[in-house]
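>>> Quick one: sequence and predicted model below, then my questions.
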Amino acid sequence: MLDNNAICYSIKRSYKAKYIRLEIHRQTGLTIFIPRFYKISELSNLLQKKKLWIIKKLNEINEDRTKILEKEIHGEFVLPYLGKYLKMKNQNNQKLPESIILEDDTLIINHRQSNNGLGQVIEAWYQQQAEIIIKKKAGELCKDMNVTYNRLTIRKARTRWGSCSQKGNLNFNWKLVLVPEPVIDYIVIHELAHLKEMNHSQRFWNLVTIYCPQWRQHKKWLEEHEADLTISNL
């Protein structure tokens, strides 16, 4: 109980974590990541100290849910895309093949009755767009930064926006297609910089700064909006 609010949360014990981490997402709510030997009995004091932040974030999610619900009730669906919002028009024509077409600021969807729900169809479209956009950006930025990667993969990740392996393989979260393009550029530059500096040393950040001077601003944007980057239950 936090200020007379009943708060549900999940606990995940991490064998690698050195510190406690709190995450709040629309679909999963509050999750607390704790180090291996942390005593769960100490969580109560931690939650009381963080209660203002927790309650604020949960309220923001609930308010956003209400806004989405109101738009659905009035027959208007909106979906995030490259930092903006697209209107969604579902034709539901059984005589036409299943398809998604982007026209101006409207996503025209023909979703037939099938084993795939509308949310799955939209997510598949997002992943296709993410692959096209991120691969194009990576190709252009590789030339500017004079680096070469081995393989680039688009995945569905819960905690990472991108990663770079010792073999030069790059992985990116498809949800990057939901954020503004300058923020996508920052993530791509971040991972490409690891091809030269496989660490987060000052030399690494100096390299990132050369190609993305406003990286701090973009990093902060991701931290503040991460909980909002979900597809509503369609």
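Received it, and whenever you're ready, just let me know what you need.

>>> now the strands for this structure?
Per DSSP state E, the chain carries strands over the ranges 9-14, 21-25, 29-35, 77-81, 84-90, 99-103, 106-110, 151-155, 162-164, 169-173.

>>> most tightly surrounded among these?
Scoring the strands of the chain by mean neighbour count under mean count of other Cβ atoms under 10 Å gives strand 169-173 as the most buried, with a mean of 20. To be clear about C-beta, it is placed using only N, CA and C from the backbone, and glycine gets the same treatment.

>>> for that one, packing partners?
Using 3 or more Cβ pairs under 8 Å, 6 or more residues apart in numbering; DSSP states H and E as the contact criterion, the elements in contact with strand 169-173 are helix 118-145, strand 151-155, strand 162-164, helix 181-193.

>>> ranking the ones you listed by burial, who's on top?
Once neighbours are counted as mean count of other Cβ under 10 Å, the most buried of the helices and strands packed on strand 169-173 proves to be helix 181-193, having a mean of 22.

>>> From Glu98, how far out is Val121?
From Val121 across to Glu98, the span is 7 Å (Cβ to Cβ, to the nearest Å).

>>> any shared contact partners between these two?
The overlap between the contact sets of Val121 and Glu98 (Cβ atoms under 8 Å, 6 or more residues apart in numbering) consists of His111.

>>> What ranges in this structure fall below the confidence cut-off?
Under the criterion pLDDT under 70, the flagged ranges of the chain are 26-27, 62-77, 92-97, 112-117, 157-159, 227-234.

>>> mind giving me the domain ranges of it?
Domain assignment for the chain by automatic domain parsing gives 9-61, 73-121, 126-228.

>>> Export these as JSON lines, with columns for distance to Met1.
Supplementary listing: the domains of the chain in JSON lines, determined by distance: least, Cβ to Cβ, whole Å:
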{"stretch": "domain 9-61", "distance to Met1": "9"}
{"stretch": "domain 73-121", "distance to Met1": "32"}
{"stretch": "domain 126-228", "distance to Met1": "22"}
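
>>> Fine by me, we can end here.
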